[in-house]
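**Student:** sequence first, then the predicted structure:
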Amino acid sequence: MSSHPPRLRLGTRGSPLALVQASAVQNRIAAAHGWLEDEVELLTIRTSGDAIQDRALSEAGGKGLFTKELDTALIDQRVDIAVHSAKDLPTLMPDGIAIAGYLPREDVRDAFIARGVKSLRELPLGAVVGSASLRREAQLLRLRPDLTIKLLRGNVETRLRKIETGEYDATLLALAGLKRLGLLEHATAVLDIEEFLPAVGQGAIAITARTNDDAVHQLLEPLLDAATTAAVSAERSFLAVLEGSCRTPIAGHALIREGRLRLRGMVLRPDGSQSREVSAEGRDSEAAEIGHHAGLDLRARLPEGFMNR
């Protein structure tokens, strides 16, 4: 039992990675305000995305499956903030809920995990790769059209176990998650961003709060990383223009150096047979506008029916 009444209630999913990320936020809030850790209470909330394991999210209702129950807890005032992997956030946030900001971003790249080979290129013809991401599936098939992609859901540990037991020949996971869980030794290789563009928001921990809860937003201010917030803002604006959902393979990554933001975005056909890219840059203070215009530019250049499955 906590010996101190909570000053702030934090909602999180219950997976090992979600709890590590929630603890990082808990520790930073406590440190920033001179609180004891147990004054930030962690409340674990099971989401639909955790409960549904037998099909891809795109077939079960999209990204909101990992956030809906946490959103409800915020609206009902059962929690004051919620912690998410930024890439799980839906493109449009529900009324009354805002992204307060992001912790400093971890490595954005994808990790290749396999037994008996050292790289994606070394996988035998027709090898079975497990994935639940249309973006990863399309980029895999773009590089290796011969691969067989099969659905692989579950937390990081579950996916690693299924590679070890030989149920799948390989899989891809976010490098950030492996690092946060102390499982980096499982990464066979790290995929170069030039060849394999990450998901929008990948590697960033997002904190959501009620839009009008000024006191909570002020409490969070010392934790938030301006560069990550700008980069992910550009990526999410890009995604929003393309009406990005779990049904369209879209990738995007923004990088900030010396006040300049560079964004690269991509849309692919699900089978990886075609892809279209866009690059844009400008001042980091105009992040959302850069992403928006990059999305418009790319959308205008897509062939008729490109976004349809």
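**Tutor:** Right, received. Where do you want to start?
**Student:** for the stretch 1-150 of the chain, which spans come out with low pLDDT?
**Tutor:** For the stretch 1-150 of the chain, applying pLDDT under 70 flags the ranges 1-3, 47-66.
**Student:** need the strands for it, in chain order.
**Tutor:** 8-12, 40-44, 81-85, 97-102, 110-114, 128-131, 148-151 (DSSP state E, counting those that start in this stretch).
**Student:** packing partners for the fourth one?
**Tutor:** Spelled out, it's strand 97-102. Counting contacts by 3 or more Cβ pairs under 8 Å, 6 or more residues apart in numbering; DSSP states H and E, strand 97-102 is packed against helix 68-75, strand 205-210, helix 214-220, helix 226-241. In short, each C-beta sits where N, CA and C put it, glycine included.
**Student:** including mean neighbour count and distance to Leu181, could the ones you listed go into CSV?
**Tutor:** As requested, the helices and strands packed on strand 97-102 are exported to CSV (neighbours: other Cβ atoms under 10 Å; distance: least, Cβ to Cβ, whole Å):
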stretch, mean neighbour count, distance to Leu181
helix 68-75, 20, 20
strand 205-210, 24, 13
helix 214-220, 15, 24
helix 226-241, 24, 20
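**Student:** output those as JSON lines; include the columns distance to His292.
**Tutor:** Listed next are the helices and strands packed on strand 97-102 as JSON lines, based on distance: least, Cβ to Cβ, whole Å:
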{"stretch": "helix 68-75", "distance to His292": "24"}
{"stretch": "strand 205-210", "distance to His292": "19"}
{"stretch": "helix 214-220", "distance to His292": "24"}
{"stretch": "helix 226-241", "distance to His292": "5"}
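**Student:** so Thr67 versus Arg153, what's the distance?
**Tutor:** Distance from Thr67 to Arg153, counting by Cβ to Cβ, to the nearest Å: 17 Å.
**Student:** tell me which of these two has more neighbours.
**Tutor:** Thr67 (25 against 18; other Cβ atoms under 10 Å).
**Student:** let me see the contact set for that one.
**Tutor:** Thr67 sits next to 47, 82, 84, 88-90, 208 when contact means Cβ atoms under 8 Å, 6 or more residues apart in numbering.
**Student:** and Gly305, that one's in a helix?
**Tutor:** No: using DSSP: H, G, I helix; E, B strand; the rest coil, the assignment for Gly305 is coil, not a helix.
**Student:** can you tell me which of the helices and strands packed on strand 97-102 is nearest to Ile149?
**Tutor:** Ranking these by proximity to Ile149 (Cβ to Cβ) places helix 226-241 first, at 22.3 Å.
**Student:** next secondary structure after the closest one?
**Tutor:** The C-terminal neighbour of helix 226-241 among helices and strands, as given by DSSP states H and E, is strand 250-257.
**Student:** so, low pLDDT: which residues of the stretch 151-300 of the chain?
**Tutor:** Residues of the stretch 151-300 of the chain that meet the cut-off, pLDDT under 70, sit at 244-246.
**Student:** so for the chain, the centremost residue is which one?
**Tutor:** With the centre of the chain defined as its mean C-alpha position, the nearest residue by Cα atoms, centre = their mean is Lys87, 2.1 Å away.
**Student:** just checking, that residue touches Gly201?
**Tutor:** Yes: Lys87 lies in contact with Gly201 (Cβ atoms under 8 Å); the separation is 4.0 Å.
**Student:** tell me which element His293 is part of?
**Tutor:** Assessed by DSSP H and E, His293 sits inside helix 287-301.
**Student:** list the residues that contact the residue nearest to Ser233 when sequence neighbours are not counted.
**Tutor:** By the measure of Cβ to Cβ, 6 or more residues apart in numbering, the closest residue to Ser233 outside its immediate chain neighbours is Ala287, 4.4 Å from it. Taking Cβ under 8 Å, 6+ apart, we find Ala287 in contact with 230-231, 233-234, 237, 254, 261.
**Student:** can you redo those residues as a markdown table with distance to Pro270?
**Tutor:** Output for the contacts of Ala287, formatted as a markdown table (distance: Cβ to Cβ, whole Å):
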| residue | distance to Pro270 |
| --- | --- |
| Ala230 | 30 |
| Ala231 | 26 |
| Ser233 | 27 |
| Ala234 | 25 |
| Ser237 | 23 |
| Ala254 | 24 |
| Leu261 | 29 |
